[in-house]
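**Student:** fold the following for me, if possible:
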Amino acid sequence: MKRYHNKFIVILTALFLTIIIADETNKEDINSLINKSIMAIQDKEYEKALSFINQAKNVNYTNSSLRKTKTVDSTLAEIYQMEGQLLELLGKKDEAISAWYNCLNYAKTDALKREAEVHLKHLRD
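**Tutor:** Numbering: from 1, shown residues only. Here you go, the predicted model:
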């Protein structure tokens, strides 16, 4: 019986460490993609920047355990903020409205909420 208990402890520990490592890897992936998007924006390559933002959004969505923290929600809000800005630059009004609504939904700061509301008002007018 004790032998099975020890194996169970080892398996749980390995699972826990795997989750922690995956969490850090996803954060690094998201930050890397956001940085690539910023570099593409600086080069005025807005479609390319948008593709990096979409990849960052997909990394965020694939790990549902990440989505349970306020930090991740604020990161997701910033991703949607960048997506909204890029879609506006590209003249994709309906998609930009959707991105800004998502930004507003995940925003944790009043400043970001106000920015999303301003963009939404401008896009709806």
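**Student:** Gly91: neighbour count?
**Tutor:** 8 (other Cβ atoms under 10 Å). For the C-beta atoms, the positions are set from N, CA and C on the backbone; glycine is no exception.
**Student:** for it, give its distance to Ser51.
**Tutor:** To Ser51, Gly91 is 17 Å away according to Cβ to Cβ, to the nearest Å.
**Student:** next: His119.
**Tutor:** Applying Cβ to Cβ to His119 and Ser51 gives a distance of 21 Å.
**Student:** more crowded one of these two?
**Tutor:** Of the pair His119 and Ser51, His119 is the one with more neighbours under other Cβ under 10 Å, namely 21 against 16.
**Student:** just the buried positions in the helix or strand that one falls within, please.
**Tutor:** If you go by DSSP states H and E, His119 is part of helix 110-124. With burial defined by 16 or more other Cβ atoms under 10 Å, the residues of helix 110-124 counted as buried are Leu112, Lys113, Glu115, Ala116, His119, Leu120, Leu123.
**Student:** closest to Ala77 out of those?
**Tutor:** Leu112 (5.9 Å; Cβ to Cβ).
**Student:** which element is the nearest residue to that closest one once chain neighbours are set aside on?
**Tutor:** Closest residue to Leu112 apart from its sequence neighbours, by Cβ to Cβ, 6 or more residues apart in numbering: Ala77 at 5.9 Å. Using DSSP H and E, Ala77 sits in helix 70-89.
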